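Asks: Here you go, sequence then predicted model.
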Amino acid sequence: MIFNELRLIEKLYIISSAITSVGSITLGLFVFLKNVKKNVNFVYLLTSLSVFVWSSALVLCQLSPDIDQALFWNRVLHFGSIFIPITFFHFVVELLGIYKQQGKVLKTGYCIALLFCLFLFTNLFINGLHAKYDFRIWPVPGKIYPFFMLYHNFYATYSLWIVFLYFKKAKGIIREQLKWILIGVSIAFLGGGTNYLYFYNIPFPPIGNIFVFLYIVFLAYSIIKYRLMDIRVVFTKVGIFLTVYTLVLGFPIWLGFKLLGNGLWLMPVTFMGILATVGPFIYLFIQKKAENRILQEQHRYQATLRQASAGMGKIKDLKKLLNMIVYVLRSAVQIEHALIYIHSKAQKKYILGASEMKSEQRTQFAEIIDDNSPLVSHFLENKDSIVFEEIKQKVRDFKSDQLRQLEQVIASLNGELLLPIFTDQNLAAIIVMGKKESGKPYSEDDLAVFGILANQTALAIENAQFYEDMQLTQQQLFQAEKMATIGTMADGLSHQINNRFHALGFIAGDAIDTIQMNKQKELTQDKMKEIFVELERAFVRVQDNVVQGGEVVQGLLRYTRKGESGFVPVDVDAVLKAAIEMVQFKIKIHELKIIRDYDVATIPKVKGNFTQLQEVFFNLIDNGYDAMMQRLNEKKEAGYQPTLTVRISKEDSYAQIIFEDNGIGVKDDDMHKLFTPFFTTKLSSKKGTGLGLYVIKKIVEDNHTGEVQMVSKYMHGTQMKLRLPIAIG
């Protein structure tokens with residue numbers, strides 16, 4: 001049958017079906033080749049293949065030169081039609097992630113589809129062809145065809161209903177994706193459904209079938225515009241695939257047409273082409289399932305390692321980070337041991353930072369790896385992981401002394417796989433992994449995952465080292481701030497100490513005068529007693545001044561310590577007294593009134609560091625004093641009394657400590673800057689370093705897991721609230 005002899009509707013049938021055929025298989029391949037391991041992509045390809053078989057066979061049916069060929073291709077197009085609704089339903093299930101809810105319905109659909117395939121080439125399904133209305137060839141339905149229509153319509157309608165329900169609840173881009181699926185597939189099923197009217201002698205032309213190709217347009221729009229399924233970087237793969245298959249399949253068919261013309265040879269050749277097209281994807285599917293089954297354990301620990309690598313950046317303590325890395329490696333991969341060596345710039349060596357091994361293993365490993373070790377040299381030169389078996393093979397092949405030395409180093413570590421950890425082109429660490437307990441070798445997939453782990457480890461180590469350096473810098477900064485405060489206290493401290501020395505000098509002078517005046521005289525017993533009383537009084541005064549001087553020195557020593565001792569139950573009242581004792585050397589403490597608004601007997605002890613808390617209280621008193629003196633000097637208020645009130649109370653499992661002054665307060669514009677380093681509101685920059693509040697916040701919140709809250713009103717005063725955890729027991 002020649003194309004020019006066909007009627008108009010038959011020509012439209014052929015053209016639209018050809019477009020649908022090419023469009024469906026092209027789009028299906030685009031999606032599938034983007035990610036062959038993704039189930040939804042594979043199932044979408046199955047749907048596309050079903051449409052491809054149906055539409056391609058429809059073209060060949062209309063172009064067949066005799067009734068037998070037409071009947072064969074009609075049965076083939078029904079083969080595609082059988083699987084279109086169930087594969088689309090499968091696609092919907094995978095896309096929406098509802099396999100658990102719809103699994104039984106899906107399996108039942110596939111069983112019914114396979115059952116229909118058994119009758120496909122019998123008269124029970126298609127009972128021949130005859131002319132009908134506008135078509136010269138139209139199938140005659142067999143006895144089971146009504147059941148096929150029922151199955152087809154049920155799964156088509158049910159699929160669209162599920163998509164519609166999810167569309168109603170969806171928002172944003174997902175709603176747009178589902179909208180275009182709903183429109184496109186509705187057109188396809190409704191358009192194709194008009195064919196059934198002719199089957200049962202209803203004279204309504206199946207014109208809707210001509211518009212089935214529009215479903216390709218709508219789905220392609222959804223994929224490209226709304227990222228229904230990512231199709232980036234697939235054009236090259238698809239282009240290669242289509243080019244190869246055009247040459248492999250298209251050229252022989254074209255040559256057959258030239259030499260043999262139309263004939264029965266087309267049926268097996270076309271069928272072979274369909275199978276050849278589907279074959280690679282069936283192979284990939286089976287391969288994927290086989291790999292998943294065989295490599296299930298490997299994939300499990302690889303997933304664990306990926307999760308672990310993602311969480312490494314959250315660990316700030318370097319020692320904890322190293323311990324976590326070796327623990328995860330040994331337990332997840334099930335290896336005999338895992339070691340990690342970290343580089344020390346000061347010692348110019350790699351030091352064993354952490355190790356993990358089987359409980360029964362008692363192997364002693366080298367504590368250091370020198371910078372000039374063959375292992376370090378190899379990593380710096382190649383920047384890639386080392387598999388011990390490969391090194392041993394290279395030693396046998398190349399007889400190299402350098403490789404032999406490298407082999408000896410790795411053997412001394414019992415290493416099977418070694419990973420370099422680079423940060424900014426510097427070899428920061430070395431991970432050594434022992435043999436797998438299962439005896440299996442490390443695979444290429446393993447190396448790929450460990451490569452990701454190495455990159456994440458490098459970032460995590462760099463972050464942890466940076467955090468340690470930052471903490472050291474912060475401690476130095478705090479200590480510098482404290483020593484700057486000591487500098488401003490120098491006058492008061494020197495005055496107190498000089499007073500003690502002057503007093504001691506006067507007392508000693510009086511005692512010497514008493515002795516010299518009486519040493520040449522004949523002394524009566526009463527006179528001797530009088531002299532002894534005077535000397536005793538002098539020595540008591542000496543002792544008192546020595547104690548007072550010692551207390552000043554001890555207070556100064558306590559204040560200047562770094563506060564690195566442990567956290568113990570601390571008496572808050574004792575901390576306040578110590579802070580007042582020290583702050584009197586910096587401020588004129590007699591100029592303000594300090595009110596202790598709490599009962600010493602009832603206040604709880606807090607879990608803290610005495611020296612650090614003393615520094616907090618010192619800064620709070622000092623800040624309050626400066627604010628009150630500023631108000632006194634600026635407002636010149638009659639009867640103004642600078643007052644600092646300290647309240648201590650229990651609140652749940654915390655002690656709440658409030659320092660409230662009636663000073664100048666803080667302007668609203670400055671509130672958000674107060675805890676920023678080097679920002680000060682004091683009138684003279686010489687009076688403050690701008691670190692006081694920053695230090696308070698760091699000590700209370702970072703070191704003591706407490707809270708700091710500030711409430712201030714300009715020209716009225718400031719309230720500083722501290723919450724510190726209460727000591728247990």
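Replies: Yep, that arrived.
Asks: Torsion angles phi and psi at the residue sitting furthest away from the middle of the chain?
Replies: Of all residues in the chain, Glu522 has its C-alpha farthest from the mean position, at 95.0 Å, by Cα atoms, centre = their mean. Reported as degrees, to the nearest 10, the phi and psi values for Glu522 are phi -80, psi 120.
Asks: Kindly state the domain boundaries assigned to this structure.
Replies: 3-294, 304-465, 489-560, 561-729 (automatic domain parsing).
Asks: Now mean pLDDT too, for the ones you listed, in TSV please.
Replies: Shown next, in TSV, are the domains of the chain (pLDDT from 0 to 100):
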stretch	mean pLDDT
domain 3-294	77
domain 304-465	81
domain 489-560	66
domain 561-729	81
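Asks: what separates stretch 205-221 from the chain centre, distance-wise?
Replies: On the basis of Cα atoms, centre = their mean, to the nearest Å, stretch 205-221 sits 44 Å off its chain's mean C-alpha point.
Asks: what comes up buried for that stretch?
Replies: Neighbour-count burial for stretch 205-221 flags 206, 208-220 (criterion: 16 or more other Cβ atoms under 10 Å). Backbone N, C-alpha and C define where each C-beta goes, glycine included.
Asks: got it, and stretch 185-202?
Replies: The neighbour-count check on stretch 185-202 (16+ other Cβ under 10 Å) flags 185-189, 191-196, 198-199 as buried.
Asks: between the residues you listed, which is nearest Asp134?
Replies: Nearest to Asp134 among the buried residues of stretch 185-202 is Tyr198, at 9.0 Å by Cβ to Cβ.
Asks: ok, now which ones touch the closest one?
Replies: Applying Cβ atoms under 8 Å, 6 or more residues apart in numbering to Tyr198 gives the contacts 132-133, 135, 138, 204, 206.
Asks: Hmm, Val376 is touching Lys383, no?
Replies: No: assessed by Cβ atoms under 8 Å, Val376 is found out of contact with Lys383, at 11.8 Å.
Asks: Could you check which of the two has the larger neighbour count?
Replies: Neighbours were counted for Val376 and for Lys383 using other Cβ atoms under 10 Å; Val376 has more, 20 against 11.
Asks: Distance of the more buried one relative to Val395?
Replies: Distance from Val376 to Val395, counting by Cβ to Cβ, to the nearest Å: 18 Å.
Asks: Next, Gly665: phi, psi?
Replies: Main-chain torsions, Gly665, degrees, to the nearest 10: phi 80, psi -180.
Asks: Make sure Leu427 is indeed in a strand.
Replies: Yes: remark: Leu427 belongs to a strand, assigned using DSSP: H, G, I helix; E, B strand; the rest coil.
Asks: residue contacts, it?
Replies: Taking Cβ under 8 Å, 6+ apart, one finds 343, 376, 379-380, 420-421 in contact with Leu427.
Asks: could you measure it against Ala454, distance?
Replies: 11 Å.
Asks: what's the overlap in contacts for these two?
Replies: What both Leu427 and Ala454 touch, as defined by Cβ under 8 Å, 6+ apart, is the set 420-421.
Asks: quick one on the thing from earlier: tell me the one of the contacts of Tyr198 nearest Gly97?
Replies: Distance ranking of the contacts of Tyr198 against Gly97, using Cβ to Cβ, places Pro206 first at 35.8 Å.
Asks: Surely the closest one touches Thr194?
Replies: Yes: under the criterion of Cβ under 8 Å, Pro206 makes contact with Thr194 at 4.2 Å.
Asks: quick one: contacts for the closest residue to Arg631 other than its chain neighbours?
Replies: The shortest distance from Arg631 to any residue other than its chain neighbours is 4.3 Å, reached at Ile664 (Cβ to Cβ, 6 or more residues apart in numbering). Contact analysis of Ile664 by Cβ under 8 Å, 6+ apart lists 627-628, 630-631, 634, 714-715.
Asks: Secondary structure of Ile664: a strand, I assume?
Replies: No: secondary structure of Ile664 (three-state DSSP): coil, not part of a strand.
Asks: Quick check: phi and psi at it.
Replies: Ile664 has phi and psi values of phi -70, psi -30 when expressed as degrees, to the nearest 10.
Asks: likewise Leu120?
Replies: phi -60, psi -40.
Asks: Can you get me a residue count around it?
Replies: Look at Leu120: counted by other Cβ under 10 Å, it has 15 neighbours.
Asks: Same check on Asp702?
Replies: Residues within reach of Asp702, counting by other Cβ under 10 Å, total 11.
Asks: Against Ile14, how distant is Val409?
Replies: Counting by Cβ to Cβ, the gap from Val409 to Ile14 is 73 Å.
Asks: do Leu613 as well
Replies: Leu613 sits 90 Å away from Ile14, going by Cβ to Cβ.
Asks: between those two, which one's more packed in?
Replies: Legend: neighbour count by other Cβ under 10 Å for Leu613 and Ile14, higher for Leu613 (27 against 19).
Asks: Next up, the contacts around Tyr151.
Replies: Here Tyr151 is in contact with 85, 109, 112-113, 116 (Cβ under 8 Å, 6+ apart).
Asks: Under a three-state scheme, what state does Phe659 occupy?
Replies: strand.
Asks: I'd say Leu178 and Leu165 touch.
Replies: No: using Cβ under 8 Å, Leu178 is not in contact with Leu165, being 9.7 Å away.
Asks: So which of these two has more stuff around it?
Replies: More crowded of Leu178 and Leu165, by other Cβ under 10 Å: Leu178, with 24 against 12.
Asks: Now stretch 438-453: buried residues?
Replies: So stretch 438-453, judged by 16+ other Cβ under 10 Å, has buried residues 442, 446, 449-450, 453.
Asks: Dump those residues into CSV; add secondary structure as well.
Replies: Listed next are the buried residues of stretch 438-453 as CSV, based on three-state DSSP:
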residue, secondary structure
Tyr442, coil
Asp446, helix
Val449, helix
Phe450, helix
Leu453, helix
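Asks: Now do the helices in the stretch 351-500 of the chain.
Replies: Assigned by DSSP state H, counting those that start in this stretch, the helices in the stretch 351-500 of the chain fall at 374-382, 388-398, 401-412, 444-488, 490-518.
Asks: what packs against the shortest one?
Replies: With contacts defined as 3 or more Cβ pairs under 8 Å, 6 or more residues apart in numbering; DSSP states H and E, helix 374-382 has these neighbours: strand 368-370, strand 386-387, helix 401-412, strand 426-433.
Asks: element containing Lys607?
Replies: Assessed by DSSP states H and E, Lys607 sits inside strand 606-608.
Asks: ok, now which ones touch Ser159?
Replies: Contacts for Ser159 (Cβ under 8 Å, 6+ apart) come out as 85, 88-89, 92, 185.
Asks: do Tyr442 as well
Replies: By Cβ under 8 Å, 6+ apart, the contact list for Tyr442 reads 387, 416-417, 433, 436.
Asks: and what of Gln709?
Replies: The contact partners of Gln709, by Cβ under 8 Å, 6+ apart, come to 720-721, 723.
Asks: Of these, grab the buried ones for ChimeraX.
Replies: Restricted to buried positions by 16+ other Cβ under 10 Å, the ChimeraX selection for those reads:
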select :720,723
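Asks: Please identify which of the contacts of Gln709 is nearest to Ser50.
Replies: Closest approach to Ser50 among the contacts of Gln709 (Cβ to Cβ): Arg723, at 66.8 Å.
Asks: and the closest one, backbone torsions?
Replies: Dihedral pair for Arg723: phi -120, psi 120, per degrees, to the nearest 10.
Asks: Pick the most buried one from the helices and strands packed on helix 374-382.
Replies: Most buried of those by mean neighbour count (mean count of other Cβ atoms under 10 Å) is strand 426-433; its value is a mean of 22.
Asks: angle of that strand against helix 374-382?
Replies: Interaxial angle of strand 426-433 relative to helix 374-382 (axes from the mean of the first three to the mean of the last three Cα atoms, to 10 degrees): 120 degrees.
Asks: Next, the angle helix 401-412 makes with strand 426-433.
Replies: Inter-element angle recorded for strand 426-433 and helix 401-412: 60 degrees (by the same axes, to 10 degrees).
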